[in-house]
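>>> build the 3D model from these lines:
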Amino acid sequence: MPLDLYQEVALTRDLPEHELRVGDIVTLIDFVSHPSSGEEGCVLEVFNATGESLTVIAVPLSTVEALRPDEILTVRSLAKAS
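Residues are numbered from 1 along each chain as shown. Model (predicted):
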């Protein structure tokens with residue numbers, strides 16, 4: 001499924017350097033080309049549960065996937081990923 005700008009997407013892997021985990025929901029805000037012809041990247045904005053922006057990060061596009069109708073949202077405290 002193609003991804004669109006400003007779409008909420010889920011992480012496909014832990015990002016311990018940002019205290020994020022697989023399944024965390026983030027907002028896709030831009031697509032970026034790799035500087036040396038590697039995998040395309042994307043820029044993500046991370047929000048807390050009340051809608052405050054926490055950070056903006058750039059990751060490979062394979063780090064995110066579209067949300068599916070068979071998934072359910074959850075809440076967790078911001079803590080170091082294992």
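>>> what about the closest residue to Leu44 other than its chain neighbours, which helix or strand?
Excluding its sequence neighbours, the residue lying closest to Leu44 (CB to CB, 6 or more residues apart in numbering) is Val26, at 4.3 Å. Every residue, glycine included, has its C-beta placed from N, CA and C. Secondary structure assigned from DSSP states H and E places Val26 in strand 25-32.
>>> tell me the phi and psi of Leu61?
When read as degrees, to the nearest 10, the backbone of Leu61 gives phi -60, psi -30.
>>> quick one, grab the pLDDT at it.
At Leu61, the predicted lDDT confidence score is 96.
>>> would you agree it is in contact with Leu44?
No. At 10.5 Å, Leu61 and Leu44 do not qualify as touching, with contact defined as CB atoms under 8 Å.
>>> higher neighbour count, those two?
Leu44 (23 against 16; other CB atoms under 10 Å).
>>> buried residues in the helix or strand hosting that one, which are they?
When elements are assigned from DSSP H and E, Leu44 belongs to strand 41-47. Neighbour counts over strand 41-47 (16 or more other CB atoms under 10 Å) mark Gly41, Cys42, Val43, Leu44, Val46 as buried.
>>> and for stretch 61-70?
Taking 16+ other CB under 10 Å as the basis for neighbour counts, the residues of stretch 61-70 that come out buried are Leu61, Thr63, Val64.
>>> can you lay out those as JSON lines showing distance to Val22?
Converted to JSON lines, those look like this (distance: CB to CB, whole Å):
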{"residue": "Leu61", "distance to Val22": "16"}
{"residue": "Thr63", "distance to Val22": "10"}
{"residue": "Val64", "distance to Val22": "11"}
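>>> which one among those gets closest to Asp70?
For these, the residue nearest Asp70 by CB to CB is Val64; the value is 17.6 Å.
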